[in-house]
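Below are the sequence and a predicted model; questions follow.
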Amino acid sequence: MIRCRTMLAASPLLAVFVIFAAVSMLTAGEERSFSRVVASAEEEFIIEVGGTLDPENIEVTVENLGPTPVVDPRISVNGKFDWYDIDSMVKEITEGCRTDEEKALAIWEWVHWKRFQRSPQDSRARHPVIAMNCYGYGICGFTAAWLKALFTSAGLPAKIQEIWHHTVNEVYYDGAWHYFDGNGKVFYLARDNRTVASLAELEQDGWLVERTIHAPFDPWVRPGETPELTREFVSWITSADDNYEEHSHDEEIEKDYKMSYNLKPGERLIRWWQGVLGKYESSLNRPVAPERYANGQLIWEPDLDQVDMLDYLKVIENISTSGHNGRKPAIHINRLHDKSYSRPARFTIPIRSPYPAIGGRFWCTLVREGNSRLDDASVFWGFPDFEPGNLARHRGRYGPFETVELCLDHHIDKEEPLYGYEVGFSLLGNAGSNPPTQSGVSWFKSVTDLQVSPHSLPALSLGRNLIRYRDSSTAPGKKVRLSWKWRERDNDNPPGRITRAVSPADRAEVATLTPRLQWRPAEDPDQGDRVTDYQVMVSLRPDCRWPLSMSLYQNVGSPECAWTVPGSFLNPGTTYYWKIRARDSRQEAGNWGEIFSFRTAENAGKSEK
């Protein structure tokens, strides 16, 4: 049962609604839904999600119910997922960052845990707005392009560096350049064990690379490297003669891409968190499904008795509509034909999407009232010609009305993904018939299949979700329906938090630079479940937001409540902070526990050399 309670808004534009879910009445896996119609330029509401874990998000839909276009609808959940342009992305990523170093680390971390290794066929995917909204994957060159774009937008000078076999970044802050590898998920500490090294430092000092653990793509499989992988990184970086700054991605990086679109009357955008359609962009020679992808659909079925289509067609010549002159069918010939004027009337129905189109269907009802050579209704992929349509033609055997269904997959599914296409029409009507005969279209529906990146979608999480909707529409009568579907999970619990350090005791001093960290075990509340692994992070920061080195962000690989800090990364007379989280046999990770600290003695490590 879901009840709505209206709350007073801080602004007349903001209406706040709270959704209460009766969690105790739910069974595991029960699907929930929520729908809200908004009519103002900006609204906020709250959805409460029950259960014991974050829900399985299924579907989100934005639908235009009004008579005018909805311009650039945007949704955020708890301040996230409004990736409309690069500035909005950077604003989310760097929230709470006070220094340039923090901004650089936040951007690098945000990119490297969201991407995976696959090369999109779309040249636009070199830009983070397109890549992260539509794909979520890219090889090292793509990743470096995203990072340069995001660093630059955050006000940090940045480079793309080719180191042969690999592409990385340098970003400038605190008076120096610093090397970040978004694809390899690594940065390297300089000899001071405090700052991120530059490429020039690494070229001269391969030991900085050699001592570092290179992360695999799963944060729970660390360390997972091989000696061969480390030797490759050392070789790539230190062979300085073939390292150089790369500019070939700059043209795409500098473009002002936006997830901008208008929902026309009767149009809705539906997005799933899974690959529901089983469709995705790929090379014709390599039709392999991405590791992670999601689908969506842009569906347009306007009420042609209510919507004047003249505003939404691309009229090529001699076309009118019922909304314009009151005549039928809804889209028809303006001036009928005769022996002296037989050039077909033509128009297209444009479809535009912020996501790449990967297939589709089109239905329409063609009208052809006469059967003379001056009567015809044809459908084309793209620009309409003067010949019979390459998609469909009114066959004339079933009366004046004929509904056709057209598969557009083989037209849309090309090497370079489409973000828009047109279905064209060519019409002839006989002015000399008695009575004169019209041709046209009385109904249509388009369904465009899309690929979307699942981590870009406005996902609900466990508990309270603050939804913010806004658009740029100014026309009166706007009505937008927002809908979510999700499946609540209450049949599993994550492991508990770590709240007690055993050794060293919190705030203790240690005489070694390779202390063995020990903690009290986490408890798993589920019967038959157990903790199988722990993950540890050591940082110079009191908030432990980022590790000192990726070598100090590792999993134990077992339920043992101990981990030894690897050598060469700690300094004497320095305070370090550490935290742990647990993972259970069902692969559910708990929240990070308390943050503990220790201080290395002033003479720590002298006896270890």
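Noted; the coordinates are in hand. All values derive from a computational prediction rather than experimental measurement. Numbers count the residues shown, from 1 in each chain.

need the contact list for the residue nearest in space to the middle of the chain.
The C-alpha lying nearest the average C-alpha coordinate of the chain belongs to Ser456 (CA atoms, centre = their mean; 2.6 Å). Ser456 is in contact with 81, 83, 132-134, 136, counting by CB atoms under 8 Å, 6 or more residues apart in numbering. For the C-beta atoms, the positions are set from N, CA and C on the backbone; glycine is no exception.

Tell me the one of those residues nearest Asp506?
Checking the contacts of Ser456 against Asp506 with CB to CB, the nearest one is Phe81 at 36.6 Å.

Report the contact partners of the residue nearest to that closest one when sequence neighbours are not counted.
Of all residues beyond its chain neighbours, the one nearest Phe81 is Pro458 (4.5 Å), with distances taken as CB to CB, 6 or more residues apart in numbering. By CB under 8 Å, 6+ apart, the contact set of Pro458 is 60, 75-77, 80-81, 467.

Going by distance to Leu427, which of those residues wins?
Nearest to Leu427 out of the contacts of Pro458 is Val60 (CB to CB; 38.3 Å).

so that closest one is in which element?
Using DSSP states H and E, Val60 maps to strand 53-64.

and if you look at Ala144?
helix 140-153.

From the chain's centroid, how far away is that helix?
Offset of helix 140-153 from its chain centre (CA atoms, centre = their mean, to the nearest Å): 16 Å.

tell me the average confidence for it?
Averaged across helix 140-153, the pLDDT comes to 97.

what's in contact with that helix?
86-87, 89-90, 93, 104, 107-108, 111-112, 115, 119-120, 125-128, 131-132, 138, 157-161, 166-169, 171, 180, 182-184, 246, 249, 252-253.

So which of those belong to strands?
Those of these mapping onto strands are 158-161, 167-169, 171, 180, per DSSP state E.

Select, from those residues, the two members most distant in space.
By the measure CB to CB, Thr167 and Val171 form the most distant pair in those, at 14.3 Å.

quick one: which of the two has more around it?
Each of Thr167 and Val171 has its neighbours counted (other CB atoms under 10 Å); Val171 has more, 27 against 21.

tell me the pLDDT at that one?
For Val171, the predicted pLDDT is 98.

Am I right that it is in contact with Ala158?
Yes - using CB atoms under 8 Å, Val171 is in contact with Ala158, at 4.7 Å.

tell me the contacts of Val107?
Val isn't right for residue 107; it's Ile. Residues in contact with Ile107 (CB under 8 Å, 6+ apart) are 90, 93-94, 147, 150-151, 154.

And the residues you listed, which is closest to Lys328?
Checking these one by one against Lys328 (CB to CB), the nearest turns out to be Val90, at 52.0 Å.

Count the neighbours of that closest one for me.
Neighbour number of Val90 under other CB under 10 Å is 23.

who's in contact with it?
Each residue near Val90 by CB under 8 Å, 6+ apart is listed here: 107, 150, 153-154.

Check the gap between Asp449 and Trp108 for me.
Going from Asp449 to Trp108 by CB to CB, to the nearest Å gives 34 Å.

one step back: could you identify the most distant pair in the contacts of Val90?
Greatest spatial distance among the contacts of Val90 (CB to CB): Ile107 and Ser153, at 9.0 Å.

that older thread, closest to Asn325 among the contacts of Ile107?
Among these, and counting by CB to CB, the member closest to Asn325 is Val90, at 49.8 Å.

confidence score at the closest one?
pLDDT, read off for Val90, is 98.

Give the residue farthest from the middle of the protein.
Farthest out in the chain is Asn434, which, by CA atoms, centre = their mean, sits 58.0 Å from the centre.

In terms of helix, strand or coil, where does that residue fall?
Counting by DSSP: H, G, I helix; E, B strand; the rest coil, the backbone at Asn434 sits in coil.

Let me see the contact set for the nearest residue to Ile58 once chain neighbours are set aside.
Counting by CB to CB, 6+ apart, Lys485 is the residue found nearest to Ile58 once chain neighbours are left out, at 4.2 Å. Neighbour list for Lys485: 31-33, 58-60 [criterion: CB under 8 Å, 6+ apart].

With Trp546 instead?
105, 109, 539.

Ser551 too?
211-213, 566, 569.

Checking it next. Helix, strand or coil?
Under three-state DSSP, Ser551 comes out as helix.

helix or strand right after the helix or strand hosting Leu366?
For Leu366, the host element (DSSP H and E) is strand 345-368. Next helix or strand after strand 345-368 toward the C-terminus (DSSP H and E): strand 376-381.

Any regions of the chain where pLDDT drops low?
Counting by pLDDT under 70, the chain contains low-confidence residues at 1-28, 215-226, 284-286, 397, 415, 607-609.

Let me see the domain layout of it.
With domains defined by automatic domain parsing, the chain comprises 2-80+457-489, 86-253, 297-452, 501-608.

Relative to Val288, which of the ones you listed is closest?
Across the domains of the chain, closest to Val288 is domain 86-253 (CB to CB), at 8.5 Å.

Between the two ends of that closest one, how far is it?
Start and end residues of domain 86-253 are separated by 10 Å (CA to CA, to the nearest Å).

what distance separates it from the middle of the whole chain?
19 Å.

so where do the strands sit in the stretch 201-350 of the chain?
244-245, 262-263, 267-272, 294-300, 314-317, 319-321, 331-333, 345-368 (DSSP state E, counting those that start in this stretch).

Mind listing what's buried along the fifth one?
So the one you mean is strand 314-317. 315-316 (16 or more other CB atoms under 10 Å).

tell me which strands and helices that strand is in contact with?
When contacts are defined as 3 or more CB pairs under 8 Å, 6 or more residues apart in numbering; DSSP states H and E, strand 314-317 packs onto strand 345-368.

In contact with the closest residue in space to Cys407 that isn't next to it in sequence, which residues are there?
Sequence neighbours aside, Arg361 is the residue nearest to Cys407 in space, at 6.1 Å (criterion: CB to CB, 6+ apart). Shown in contact with Arg361 (CB under 8 Å, 6+ apart): 405-408, 446-447.

next one: Trp272
Residues in contact with Trp272 (CB under 8 Å, 6+ apart) are 58-59, 294-296.

Try it again at 10 Å.
Contacts for Trp272 (CB atoms under 10 Å, 6 or more residues apart in numbering) come out as 57-61, 294-297, 450, 452, 454, 457, 485.

same question, Gly278
Neighbours of Gly278 in contact, by CB under 10 Å, 6+ apart: 289, 293, 295, 449.

now swap in Cys97 and tell me
Contacts of Cys97 (CB under 10 Å, 6+ apart): 90, 103-107, 154, 545.

go on, Asp100?
Asp100 neighbours (CB under 10 Å, 6+ apart): 94, 151, 154-157, 171-174, 178.

Now with 8 Å, please.
By CB under 8 Å, 6+ apart, the neighbours of Asp100 are 155-156, 173-174.

do the same with Gly184
140, 166, 168, 214-215, 233.

Most neighbours out of those, which is it?
Most surrounded of the contacts of Gly184: other CB under 10 Å gives Val168, at 28 neighbours.

That residue and Glu31, how far apart?
44 Å.

Mind picking the two most distant members of the contacts of Pro458?
Val60 and Lys80 (13.4 Å).

So those two - more neighbours on which side?
Just comparing Val60 and Lys80: by other CB under 10 Å the higher neighbour count belongs to Val60, 23 against 14.

circling back: counting only strands, which of the contacts of Arg361 make the cut?
405-407, 446-447.

If you rank those by neighbours, which is first?
Of those, with other CB under 10 Å as the count, Ser446 tops at 22 neighbours.

give the contact list for that one.
So Ser446 contacts 298-301, 349, 351, 360-363, 423 (CB under 8 Å, 6+ apart).

ok, now Ile47?
Going by CB under 8 Å, 6+ apart, Ile47 touches 19, 34, 460, 464-465, 467, 484.

Can you list the buried residues in the helix or strand that contains it?
Secondary structure assignment for Ile47, by DSSP H and E: strand 42-49. For strand 42-49, burial by neighbour count (16+ other CB under 10 Å) applies to 43-49.
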